[in-house]
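Engineer: no sequence on this one, just coordinates:
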Ligand SMILES: NC(=O)c1ccc[n+]([C@@H]2O[C@H](COP(=O)([O-])OP(=O)(O)OC[C@H]3O[C@@H](n4cnc5c(N)ncnc54)[C@H](O)[C@@H]3O)[C@@H](O)[C@H]2O)c1
């Protein structure tokens, strides 16, 4: 198969879909890899390192897209890429269609095969291609939150750890999955006082075991959530219902009850965000203040640390990319239910039920 890797076009996105050593593995598997010149530079990988790994270099995105059977990307296609794709082409990337009906409609019209990293799901329910970026985002959420708590960004001017004689910040994390766990490591490691909520008892059990009682775990419901959010200095939301729009857990009414200068880091913004007042921001302009609360809603947080993120992403995606390239997507999805769950679009049909429901397009079950 011919596999194309274009440069990411999202603002301040410096990740690339595959490292040079990942390219080597694809080439050794008998595939041809075409990469856009300069695609790896933001992650510290030179064109020469890709050429040494066996890739062919292309000068622009148009030639990468035109000559490839499968495109490997990091972020969802953006408008400047819409006219580069062609029917039947496989696009294997984060799609996050639930948050973007227009993108879903465009990809349906283009009749591409859209396989979403974030809905590849094992039989046990884990999301192996979302997990590494959620781990990065979880860790970064604490750094971002600490920065937003500073007075210059509109925050209440509180140091996460406190100092001897002054209490630490109170951090409330909603969603005890991968991002939530890593946010716990970051916040507790910075000596903040931490409470984490989830609707899933097993997730809370896991956090309790791993954190050895250093954070408080709480079953999430309207009552506990409201009570904790009103007390919080920093709220980190890392909730997810796979494939669906994020549940709106913090209404404007609840926001108004929060402490002035408190901060919300809405990691779930890539699935539409979990606050009524959340809207996507960029690394260049990451925050805004509404109702006196600082919002940080960057939907490509791992792009801030592209070298770590590119390596972690390749570790996770490469075995699946290789399987799809070796077998073709039809055989790959028949043989591997995790890949079948990753199928979002096939040549004009939305084949993922939750995605179809979220964007209000007809659902066509996989044959
Ligand atoms: N902004 C970014 O750059 C970025 C990067 C990576 C991941 N993400 C997003 O982070 C989110 C979390 O990802 P993850 O891999 O940790 O998911 P996960 O599936 O591991 O964890 C999600 C958790 O949310 C819980 N949950 C669902 N509904 C809830 C509710 N109403 N109240 C409380 N908890 C609830 C689930 O039980 C689960 O434990 C996703 O939306 C993902 O897309 C964003």
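Structural biologist: Received it, and whenever you're ready, just let me know what you need. Computed from a predicted model, the values in this text were never measured in an experiment.

Engineer: hey, let's count contacts and neighbours off CA atoms from now on
Structural biologist: OK.

Engineer: now residue 167: how far from the ligand?
Structural biologist: Using C-alpha to the nearest ligand atom, to the nearest Å, residue 167 is found at 27 Å from the ligand.

Engineer: need the contact list for that residue.
Structural biologist: Counting by C-alpha atoms under 8 Å, 6 or more residues apart in numbering, residue 167 makes contact with residue 161.

Engineer: please apply the same query to residue 40.
Structural biologist: Residue 40 makes contacts with 7, 14, 15, 16, 19, 46, 47, as judged by C-alpha under 8 Å, 6+ apart.

Engineer: quick check: the gap between the closest residue to the ligand within the stretch 1-150 of the chain and residue 112.
Structural biologist: Residue of the stretch 1-150 of the chain nearest the ligand, by C-alpha to the nearest ligand atom: residue 134 (3.8 Å). The spacing between residue 134 and residue 112, counted by C-alpha to C-alpha, to the nearest Å, is 27 Å.

Engineer: so the two - more neighbours on which side?
Structural biologist: residue 134 (24 against 21; other C-alpha atoms under 10 Å).

Engineer: tally of neighbours for the residue nearest to that one when sequence neighbours are not counted?
Structural biologist: In space, and not counting its chain neighbours, residue 134 is closest to residue 179: 4.6 Å by C-alpha to C-alpha, 6 or more residues apart in numbering. Residues lying near residue 179 (other C-alpha under 10 Å) number 31.

Engineer: for residue 179, what are its contacts?
Structural biologist: Contacts of residue 179 (C-alpha under 8 Å, 6+ apart): 131, 134, 135, 136, 137, 138, 139, 238.

Engineer: now residue 51
Structural biologist: Contact analysis of residue 51 by C-alpha under 8 Å, 6+ apart lists residue 57.

Engineer: hmm, 10 Å instead?
Structural biologist: With contact set as C-alpha atoms under 10 Å, 6 or more residues apart in numbering, residue 51 has these partners: 20, 23, 24, 33, 34, 35, 57.

Engineer: most neighbours among those, which one?
Structural biologist: Neighbour counts for the contacts of residue 51 peak at residue 35, which has 31 neighbours (criterion: other C-alpha under 10 Å).

Engineer: so that residue makes contact with residue 23?
Structural biologist: Yes: at 9.5 Å, residue 35 and residue 23 qualify as touching, with contact defined as C-alpha atoms under 10 Å.

Engineer: what is in contact with the two at once?
Structural biologist: Joint contacts of residue 35 and residue 23 (C-alpha under 10 Å, 6+ apart) are 3, 5, 17, 50, 51, 55.

Engineer: which pLDDT does the model give the third one?
Structural biologist: Predicted confidence (pLDDT) at residue 17: the value is 98.

Engineer: burial of it, as a residue count?
Structural biologist: Neighbours of residue 17 using other C-alpha under 10 Å come to 28.

Engineer: the first one now?
Structural biologist: If you count neighbours by other C-alpha under 10 Å, residue 3 ends up with 24.

Engineer: which residues are in contact with it?
Structural biologist: Here residue 3 is in contact with 23, 26-27, 31-35, 55, 64-65, 67-72, 90, 321, 325 (C-alpha under 10 Å, 6+ apart).

Engineer: of those residues, which ones also sit close to the ligand?
Structural biologist: Among those, no residue is within reach of the ligand (C-alpha under 6 Å from any ligand atom).

Engineer: which of these count as buried?
Structural biologist: 23, 26-27, 31-35, 55, 64-65, 68-72, 90, 321, 325 (16 or more other C-alpha atoms under 10 Å).

Engineer: just the ones in helices from the contacts of residue 51, please.
Structural biologist: In helices, defined here by DSSP state H, the members of the contacts of residue 51 are 20, 23, 24.

Engineer: got a list of what the closest residue to the last one other than its chain neighbours touches?
Structural biologist: By that I understand residue 24. Distance criterion C-alpha to C-alpha, 6+ apart; nearest residue to residue 24, sequence neighbours excluded, is residue 53 at 4.7 Å. Contacts for residue 53 (C-alpha under 10 Å, 6+ apart) come out as 19, 20, 21, 22, 23, 24, 25, 26, 27, 28, 33, 47.

Engineer: and the spatially most distant residue from the centre of the chain, backbone torsions?
Structural biologist: Computed with C-alpha atoms, centre = their mean, the maximum C-alpha offset from the centroid of the chain is found at residue 165, amounting to 38.3 Å. With angles defined as degrees, to the nearest 10, residue 165 sits at phi 100, psi -10.

Engineer: distance to residue 204 and pLDDT for the ones in helices among the contacts of residue 51 - can I get that in a markdown table?
Structural biologist: Listed next are those as a markdown table, based on distance: C-alpha to C-alpha, whole Å; pLDDT from 0 to 100:
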| residue | distance to residue 204 | pLDDT |
| --- | --- | --- |
| 20 | 38 | 98 |
| 23 | 39 | 98 |
| 24 | 40 | 98 |
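
Engineer: and this protein, which of its residues are near the ligand?
Structural biologist: The chain comes close to the ligand at residues 130-131, 133-134, 137, 174-180, 197-200, 203, 220, 238-241, 247, 267-271, 298-302, as judged by C-alpha under 6 Å from any ligand atom.

Engineer: pull the number of nearby residues for residue 351.
Structural biologist: When neighbours are counted by other C-alpha under 10 Å, residue 351 comes out with 23.
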